[in-house]
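> sequence-free structure coming up:
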């Protein structure tokens, strides 16, 4: 699986600090950084730190990071962007006192799905988003385990999209997320 060099991507919004440590990229999120559009909260947040490159059809993007989160809404994972009003973020988010795996799918308005994964705290997480046909298939795993299905999202086959790792810290300063890998691979062949 080809590793994407960190220097290949472009940031949607520059993080507070970025440092290469060995092969890892340590990203310090700005306080208040987030991505959300309208639903339930009524606000638009468009300040996520997403490092993006082209995301072709019939491919998958994988990101690995350490989920050392401790404050409400600390988060990291894979961000897929078509436009400022059409994007998906999938990964681990610290919500209601524990890590949760899930996705926010936004087409003008955001929705949010999640499931608790308390034993993922402080561990190495892999998030894979496969693009094939008319869908994105989101899977996640911890510490090299078999990736499990998180969500299937409708996605236009002709959409021009970018994807890559993202980090957000909506409620605090000082969040540093070590990103370990960013890869392109073949998409998942089946849902099950």
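On my side now, so go ahead. No experiment lies behind these values; they were computed from the predicted model shown.

> every contact and neighbour count from this point should use C-alpha atoms.
Fine.

> so after the lowest-mean-pLDDT helix or strand in the chain, what's the next helix or strand?
The helix or strand of the chain with the poorest confidence is strand 44-46; it has a mean of 94 (mean pLDDT, DSSP states H and E). Counting by DSSP states H and E, the next helix or strand C-terminal to strand 44-46 is strand 49-55.

> rewinding a little: note down every partner strand of the least confident helix or strand of the chain and its orientation.
Strand 44-46 sits in its sheet next to strand 35-37 (antiparallel), going by DSSP bridges.

> which SS class is residue 152?
Classification of residue 152 using DSSP: H, G, I helix; E, B strand; the rest coil returns strand.

> quick one: it from residue 132, how far?
Using C-alpha to C-alpha, to the nearest Å, we find residue 152 at a distance of 11 Å from residue 132.

> neighbour count: those two, which is higher?
Each of residue 152 and residue 132 has its neighbours counted (other C-alpha atoms under 10 Å); residue 132 has more, 20 against 15.

> burial count for the nearest residue to the more buried one once chain neighbours are set aside?
Closest residue to residue 132 apart from its sequence neighbours, by C-alpha to C-alpha, 6 or more residues apart in numbering: residue 58 at 4.7 Å. Neighbourhood size, residue 58 [other C-alpha under 10 Å]: 16.

> I'd say residue 58 and residue 135 touch.
No - assessed by C-alpha atoms under 8 Å, residue 58 is found out of contact with residue 135, at 10.1 Å.

> shaky segments in this protein?
1 (pLDDT under 70).

> what segments of it are helices?
Remark: helices of the chain are absent; assignment by DSSP state H.

> show me the contacts for residue 170.
By C-alpha atoms under 8 Å, 6 or more residues apart in numbering, the contact list for residue 170 reads 31, 32, 33, 34, 72, 73, 74.
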